[in-house]
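# Kindly generate the corresponding structure for this input.
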Amino acid sequence: MKKTILILLLISSITLNACTPQTASLSKPHSTEIQKHKIKLKKQPVKINIHHKFKGFKLANVPKQFCGTWYRADPYSKKARKLIITSHTVNGDIAYQKIDPNLKLNHKFS
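Now for the predicted structure:
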């Protein structure tokens, strides 16, 4: 009888101690934790060399009515995508026009 009472008291004290919050250890920051700092880098504008030439291509001229900032939204998305068109670039990429009729472009990877 004494053993069962002692066992019940031990079990109840262990479960009560396990359920009590330990606020003292949570409120103090540990010195071993590593804090991450976000560094914001300034994006430098990339200079585009529109005078670079490729064999069989020439620099494309975009008509003025298509130049500017355009926005496109997908029917299933809530965000719109931005498309910036200048006289020779589309989203910062140079636009070229194929002028060599014998030049074969194979975009399929085998």
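# number of nearby residues for Asn61?
10 (other Cβ atoms under 10 Å). The C-beta positions use only the backbone N, C-alpha and C, and glycine is treated the same way.
# Leaving aside the residues adjacent along the chain, what's closest to it?
Ser87 (6.4 Å; Cβ to Cβ, 6 or more residues apart in numbering).
# shouldn't that neighbour be in contact with Gln65?
No: in this structure, Ser87 is not within contact of Gln65 by Cβ atoms under 8 Å, at 11.7 Å.
# who's more crowded, those two?
Counted by other Cβ under 10 Å, Ser87 and Gln65 do not tie: Ser87 has more neighbours, with 14 against 6.
# Distance-wise, check the more buried one relative to Gly56.
Separation of Ser87 from Gly56 (Cβ to Cβ, to the nearest Å) stands at 22 Å.
# now the residue nearest to Lys64 when sequence neighbours are not counted: how far from Phe57?
Closest residue to Lys64 apart from its sequence neighbours, by Cβ to Cβ, 6+ apart: Ser87 at 7.7 Å. Remark: distance between Ser87 and Phe57 (Cβ to Cβ) = 17 Å.
# Now do the strands in the protein.
Along the chain, counting by DSSP state E, strands occupy 57-59, 68-73, 80-85, 89-90, 93-94, 96-98.
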